[in-house]
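Asks: predicted structure and sequence below. I'll ask about it afterward.
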2 protein chains.
Amino acid sequence: MKLLIIEDSVSLRRSLRIGLENLGFTIDETGDGAEGLSMAMTGEYELIILDIMLPSIDGITLLQTIRAKQLDVRVLILSAKQEPEDRVKGLLTGADDYLTKPFSFDELHARLLNLMRRGGLKTISDVIYIDNLALNLQLKLLQVDETVIDLTPNEYKIVECLFSNQNKVITAEKLSTYIAGQYDLVSKNSIEAHLSSARKKVRAAGSELPIQTKRGFGYIIQGK
Amino acid sequence: MKLLIIEDSVSLRRSLRIGLENLGFTIDETGDGAEGLSMAMTGEYELIILDIMLPSIDGITLLQTIRAKQLDVRVLILSAKQEPEDRVKGLLTGADDYLTKPFSFDELHARLLNLMRRGGLKTISDVIYIDNLALNLQLKLLQVDETVIDLTPNEYKIVECLFSNQNKVITAEKLSTYIAGQYDLVSKNSIEAHLSSARKKVRAAGSELPIQTKRGFGYIIQGK
DNA sequence: AGGTTCACTTAAGATTTACTGAAGTTTTTC
DNA sequence: GAAAAACTTCAGTAAATCTTAAGTGAACCT
């Protein structure tokens, strides 16, 4: 069982490492956000203990990136901030648990065990993050930060198809098949209308759908 | 055997602590609801002695939260209120026993021993709480506060399936399989009819089933 | 066996919500 | 600057879902 600790403070990091190693975990650690991210992306950790305040990349962004890449790893957030907004936001973007500093080591231990136990269950995964948009495949809805954008089934399906095919041009025919199945079809104009409506809704929520039109070919979402 | 005392009054807390420590229990204590909750959530306590009137989070809410998280812990409610409503409500939401102030220490001791003895048995567990609804998986019934709502088997199964799959959209086909098994099937319209009836019954009891329709996809219960 | 009850299904009407296609507008391309 | 492609809007139409009520059959009781 391999754990990754991403924590700014050297002393806290050390004491966590020692404590958890004594409990039988294998630990890697770093104090840098970017390094933490690249370590996390190797996929070799079952659980990450993650601080929010970090140099180079903050914890929430790191978490969003991990979740966007669909890594199956549990994340326990550690934070000095006690603002409830942060708590909610952290959990929303896919953390499995949350602990506010200061905390007792026993409490951390108990929560770790708890996370281990419910290991098989995916918690808040199955969300695709692009920019400040989150497409929740479980709930079938799109969020801008915390606000939910209400999409009709076809609007949702178009967005889902493009979100899960980033960096690929998707033709209108593909979208049509995606929406209606192999034996029905939806006109190109219909798709244009749905997409127009979806874009409008996202705009009304203060954001932008990152879907670009490739004139003559189809639509695409360009990853960063 | 570790006990947690969550009690507003410092003097009562102290005297309980001393008395119970003399009887051989290990005690943690707090006077604050929110702190009590986070302590309880560590899962390290076998029994919680819980006051109703508390700063920041009241005892009933705390208890509901603990039960919603499926923690296996016994809870003994302590309350100055003598209104029978509170008594019933406290017990309903998952307390294992109830004591009204003032009480003798011997009486508390006796009740504690009693709770310890029936330790192995899960008492009022296997109940899913959502809003003011309690779905009892053992007794196969749904309660609004104190009143029992009489659901037919299929109505119950639909509600059970959705209650135990919070935050997931459940399709009509899934519900059909859940009701009838893999080799039989129940028409979509039938499910609509059952659900309609269940909703009506809950409405008649003065509440609302928290089941939303995701048009084009299925049904969902959104957790907070 | 006959009668009663209860729950499940089905159907039909009401209601809500979404889809489509057309027409006008804007943008892009050559 | 004209033509093509894509965007936008809207109104009519079409689905999906809700609700109610009536029909059917199984289980239970007497």
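Replies: Received the coordinates, thanks.
Asks: contacts, neighbours, all on C-alpha from now
Replies: Noted.
Asks: make sure I have this right: residue A:212 is in a helix.
Replies: No: using DSSP: H, G, I helix; E, B strand; the rest coil, the assignment for residue A:212 is strand, not a helix.
Asks: list the buried residues of the helix or strand that contains residue A:173.
Replies: Assigned by DSSP states H and E, residue A:173 falls within helix A:172-180. Buried residues in helix A:172-180, counted by 16 or more other CA atoms under 10 Å in any protein chain shown: A:172, A:175, A:176, A:178, A:179.
Asks: ok, residues contacting that helix?
Replies: Outside helix A:172-180, the residues that touch it by CA atoms under 8 Å, 6 or more residues apart in numbering or on different chains are A:154, A:157, A:158, A:161, A:184, A:185, A:186, A:187, A:188, A:191, A:218, A:219.
Asks: repeat for stretch A:51-58
Replies: A:6-8, A:31-34, A:59-60, A:77-80.
Asks: circling back to that earlier point, just send the contacts of helix A:172-180 back as JSON lines, with secondary structure and neighbour count too.
Replies: Listed next are the contacts of helix A:172-180 as JSON lines, based on DSSP: H, G, I helix; E, B strand; the rest coil; neighbours: other CA atoms under 10 Å in any protein chain shown:
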{"residue": "A:154", "secondary structure": "helix", "neighbour count": "20"}
{"residue": "A:157", "secondary structure": "helix", "neighbour count": "19"}
{"residue": "A:158", "secondary structure": "helix", "neighbour count": "20"}
{"residue": "A:161", "secondary structure": "helix", "neighbour count": "15"}
{"residue": "A:184", "secondary structure": "coil", "neighbour count": "9"}
{"residue": "A:185", "secondary structure": "coil", "neighbour count": "14"}
{"residue": "A:186", "secondary structure": "coil", "neighbour count": "16"}
{"residue": "A:187", "secondary structure": "coil", "neighbour count": "11"}
{"residue": "A:188", "secondary structure": "helix", "neighbour count": "14"}
{"residue": "A:191", "secondary structure": "helix", "neighbour count": "19"}
{"residue": "A:218", "secondary structure": "strand", "neighbour count": "16"}
{"residue": "A:219", "secondary structure": "strand", "neighbour count": "19"}
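Asks: helices of chain A, start to end?
Replies: Counting by DSSP state H, chain A has helices at residues A:10-22, A:33-40, A:59-68, A:84-92, A:105-117, A:153-163, A:172-180, A:188-204.
Asks: and these, which one averages the lowest pLDDT?
Replies: Least confidently modelled of these is helix A:84-92, at a mean of 50 by mean pLDDT.
Asks: run a quick neighbour tally on residue A:59.
Replies: For residue A:59, the count of nearby residues is 26 (other CA atoms under 10 Å in any protein chain shown).
Asks: my bad, residue A:215
Replies: By other CA under 10 Å, 7 other residues sit near residue A:215.
Asks: residue A:159 too?
Replies: 25.
Asks: for it, give me its contacts.
Replies: Counted by CA under 8 Å, 6+ apart, residue A:159 has zero contacts.
Asks: any idea how far it lies from residue A:211?
Replies: 9 Å (CA to CA, to the nearest Å).
Asks: from the centre of chain A, point out the most distant residue.
Replies: Going by CA atoms, centre = their mean, the residue of chain A most distant from its centre is residue A:183, 34.2 Å out.
Asks: show me the domain layout of chain A.
Replies: In terms of domains, chain A is parsed into A:2-117, A:127-221 (source: automatic domain parsing).
Asks: for DNA strand D, state which of the buried residues of helix A:172-180 is nearest.
Replies: Of all these, DNA strand D sits closest to residue A:172, with 8.4 Å by CA to the nearest atom of the strand.
Asks: isn't residue A:143 up against residue A:133?
Replies: Yes: counting by CA atoms under 8 Å, residue A:133 is a contact partner of residue A:143 at 5.6 Å.
Asks: enumerate the residues of chain A near chain B.
Replies: Residues of chain A found near chain B (CA under 8 Å from any CA of the partner chain) are A:107, A:110, A:111, A:138, A:139, A:140, A:152, A:153.
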